[in-house]
Structures are given as C-alpha cells and as structure tokens.
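> this is a predicted model, with the sequence first.
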Amino acid sequence: MCNAHTIQYRMKENSTFRNTYRRITDAGRIACVADCTKDHWCLSAVYDEELRTCDLSSYSPDETMSQTEIQSGSRTYYHNAQELTAVVGINVWQSSTMGDLSGSLAIDRFFGTTYLACFHSKGSFGNYLIVELESMSNLVHVDILFRTDLQYDVRNREIDVLVANSQAGLETNQAKFCGHYYGPPADKYLPGRVKCAPNTIGAIREVQSNH
C-alpha cells in the first residue's frame, strides 16, 4: 500500500478545456489533482485515464456545480482545484514493518507506486494501517494507491476503512464504518476508492485488510 490519501474535490465537465499551460505525462489521477493544488497558476485540470495525461489550466468556469463527480469517457474534469480540501495524515501505525519501509511512506504526499515508494507489512494476512489526521474531518472518500508490480496481490482486495475520533475509539469498537474496497484494482495505475457514508466524521482512520 503506497498512499492512503483523502481528497474532497469539486469537478466540472467542459467540452473545451481552455488556457492549458502545462501537460504532465504518465501521471496518476491523484497526482494530477495534487500538482494542480500546489501550483498557484492552476485553477482547473483534466485527467485522461487512457492516455495518463494531466493538463493544468489557468481557466476556472463560473458555473455553480450541482454534482461532485462528473466524468466524460476516460476524461475527468476538476474545477476550482485550489478549493480542494486534502486531509493530511500526521502520524501512522501499522501491523508490522518490512525493513525501513514504514507506514510513514503512506502519508508522505509522494504518489509513487514503486517498491521503495510504498510502505510494506511483513505478513500477507491481518494487516492494518492506522492514520491520525491533522484535524477532525468529514471524509467523503479514501483513495488507496497500490504497488504497480502487485496488481493482483491478495492484499489489494477486501479492505475495510474505519474512522474514529481517537485511537482509543478504534480499540474499543467505537469506530464508524466508512466503506469497503473489494478489489483488485482494474488498472494497476489506478487507486482503489472507498466512498464513505454521509457524515463519516473523525480524526483517526484505519485501513484494514481482511486477508
């Protein structure tokens, strides 16, 4: 597991994408949004799943959006990217650690999916990753990036995401169930997305493998 990154964003479909000033190739969808939020010139972006390209634009439509996610074929349009709310992990615990590849690699905001970019547990079964968030947050969804060389690995499926107000809440069965990821990922470059139930609020998140 490489990065358990939570993003709440607004998206807009547009037939023509204006004022594109930069294209990023061989990009991931999460990294595309992250690059836009870090660039003060970027107000919107479009990601193409098939081409794996990310186009950054200084154009931002004025229309009020009625939906949070709108896609057109393989293209996803992100509107007002500077208004994205990314919840950052500030502390992490895991079931076990393989060498120096600790859970801190899951919250370092680097979206690489190679062997050394990802955290590793020792076992194949009963693994978990607990992330302390920077603030009490209403989680919309959790995207989980996996190692690209382990697309069909048993650890890339049957994953539960739990949310609690504190680590003690997890330990005393007071956690809320955010959602379940069945997996495996359809494409090794795409994250596994777990959509949380409405009003899933907490400051501690646990990603738990059922294998």
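Perfect, I can see it now.

> so which residue is smack in the middle of the protein?
Residue closest to the mean C-alpha point of the chain, counted by C-alpha atoms, centre = their mean, is residue 143 at 2.8 Å.

> in three-state terms, label that one for me.
Assigned by DSSP: H, G, I helix; E, B strand; the rest coil, the conformation of residue 143 is strand.

> and residue 29, what pLDDT?
Model confidence at residue 29, given as pLDDT, is 78.

> I'd guessed it sits against residue 47; true?
Yes - judged on C-beta atoms under 8 Å, residue 29 makes contact with residue 47 at a distance of 5.0 Å. (C-beta placed from N, C-alpha, C; glycine too.)

> identify the contacts common to those two.
Both residue 29 and residue 47 are in contact with residue 76, where contact means C-beta atoms under 8 Å, 6 or more residues apart in numbering.

> quick one on the thing from earlier: where does the residue nearest to the centre of the chain land on pLDDT?
So, for residue 143, pLDDT stands at 81.

> check which helix or strand covers residue 36.
Using DSSP states H and E, residue 36 maps to helix 29-38.

> in that helix, what's buried?
Across helix 29-38, burial judged by 16 or more other C-beta atoms under 10 Å covers 29-37.

> cool, and stretch 170-188?
170, 175-176, 178-179, 181, 183-185.
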